[in-house]
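Colleague: What shape does this take:
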Amino acid sequence: MIAICEFTFTACLCVLGWGAKLRHVTLLNDLVCTEMKVLQQNDELMTAEGILLEHLPKSFQVYGHLYAYNRNKQSTIQVVVDTWPDFKVIICRPDPRQEFGFTPEMTMYCKESKDGHALKEILMKDSLFNWSSNINGGCDISHTSILQEVSLNREVNYRSLALTRLLHLPNRSHLVKPAIDSGLESRISSLELCHAHLVNQTWKFGGTQQGYNYIAFLISNFPTYCITDNEGQPISWLLVYEYLALGVLYTMPKHRKRGFAKALIQTMAQRLFDQDYPVFCYIEEDNMASYKLFKSLGFIEEPSYRELWFEFNF
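Modeller: Below is the predicted model of the structure:
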């Protein structure tokens, strides 16, 4: 359930052994005990959102989760901080009180690069996750060594899935608006739940029951747009992830190079701006076609940031 388009899986398996045992002792000796806090009160969650707003665009993923949660969108996450209210690390973890037909993503953000120690500490807490389950998520690439160290000490396998660029529209004035002819505009509509199977079958991470359940969750709870053919069947579509990034952009091969993707991105961006939502996306680093597409529409890249998508217990 990752970012926007066509990711390539790169296995980075960790070998366990005596070295892992030694590193476990070293890591535990380094840690200073603090109590993590689950944010449950509305005022706490709104305060956290406001703090993350000051750290945009790098905080977009966790900010998007909180923004949606605070506006009563259906959510799969629970928000955890290392300390409160002056937190260094904030994590959106799968809500342990709920069950889903798919694996929710974990996202995390450190306010400062020097806060890696606090991130390592909270990731080592037994109560943070069910470490026997599959865990996937995203974070700043600078935390790669911490993820690897935690996987060794917890004796769970780890791999990086993708490295992505962060692009966003700071405001409506940045959006380039290509002309959309009236015939095409009349064919733009929202996806229906009955389209979840089609989207799942064409999605790189789909084709499974979990994939179908996730796509159905997004269609049921977040904005979507599609362009239909003469029979009313979707031939191009765009969804929004739970953390509000644009994603699952796809056009059927025989209908490509007709400006459908541009029309959908423009229409979705305008809708999100109308609702005061942020507009951003993650694009795999070597996916130049998508990168050029979003740049042509006015999206700005955050050049100093790369989002790492990773997985434990795969």
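
Colleague: For residue 244, which non-adjacent residue is spatially closest?
Modeller: With C-beta to C-beta, 6 or more residues apart in numbering as the criterion, residue 244 has its nearest non-adjacent residue at 3.7 Å, and that residue is residue 64. C-beta coordinates here come from the backbone N, C-alpha and C atoms, glycine included.

Colleague: Nearest spatial neighbour of residue 170, chain-adjacent residues omitted?
Modeller: The shortest distance from residue 170 to any non-neighbouring residue, by C-beta to C-beta, 6+ apart, is to residue 300 (6.5 Å).

Colleague: sorry, that was for residue 166
Modeller: Leaving aside its chain neighbours, residue 166 sits nearest to residue 302 (4.6 Å; criterion: C-beta to C-beta, 6+ apart).

Colleague: Domains in the protein, by residue range?
Modeller: Annotated domains of the chain cover 18-162, 172-308 [automatic domain parsing].

Colleague: quick one: which of those has the weakest pLDDT on average?
Modeller: Ranked by mean pLDDT, those end with domain 18-162 at the bottom, a mean of 88.

Colleague: For that domain, what is the distance to the chain centroid?
Modeller: Distance of domain 18-162 from its chain centroid, counting by C-alpha atoms, centre = their mean, to the nearest Å, is 13 Å.

Colleague: go on, stretch 287-295?
Modeller: Worked out by C-alpha atoms, centre = their mean, stretch 287-295 lies 18 Å from the chain centre.

Colleague: In this structure, spot the helix with the most residues.
Modeller: For the chain, the helix with the greatest residue count under DSSP state H is helix 260-274.

Colleague: can you give me the helices in this structure?
Modeller: Going by DSSP H, the chain shows helices at 18-30, 42-53, 60-69, 116-123, 144-154, 182-185, 196-202, 209-221, 260-274, 288-296.

Colleague: from those helices, which stretch is densest packed?
Modeller: Of the helices of the chain, the one with the most neighbours on average (mean count of other C-beta atoms under 10 Å) is helix 60-69, at a mean of 25.

Colleague: And that one, what does it pack against?
Modeller: For helix 60-69, the elements it packs on are helix 42-53, strand 77-81, strand 89-94, strand 105-110, strand 280-284, judged by 3 or more C-beta pairs under 8 Å, 6 or more residues apart in numbering; DSSP states H and E.

Colleague: change it to 6 Å
Modeller: Applying 3 or more C-beta pairs under 6 Å, 6 or more residues apart in numbering; DSSP states H and E, we find helix 60-69 packed against helix 42-53, strand 89-94, strand 105-110.

Colleague: Just the CA atoms of the second one, as CSV, please.
Modeller: In CSV, the C-alpha atoms belonging to strand 89-94 read as follows (Å, rounded to 0.1, in the frame of the first residue of the first chain):
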residue,chain,number,x,y,z
VAL,A,89,9.3,11.4,17.7
ILE,A,90,5.7,10.8,16.5
ILE,A,91,4.5,7.5,15.1
CYS,A,92,1.2,6.5,13.5
ARG,A,93,0.9,2.8,14.2
PRO,A,94,-1.8,0.3,13.2
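
Colleague: Would you mind listing the outside residues contacting that strand?
Modeller: With contact meaning C-beta atoms under 6 Å, 6 or more residues apart in numbering, strand 89-94 is reached by 62, 65, 77-82, 104, 106-110, 118-119, 122.

Colleague: Show me what that strand pairs with in its sheet, parallel or antiparallel.
Modeller: Strand pairing for strand 89-94, determined by DSSP bridges: strand 77-81 (antiparallel), strand 105-110 (antiparallel).
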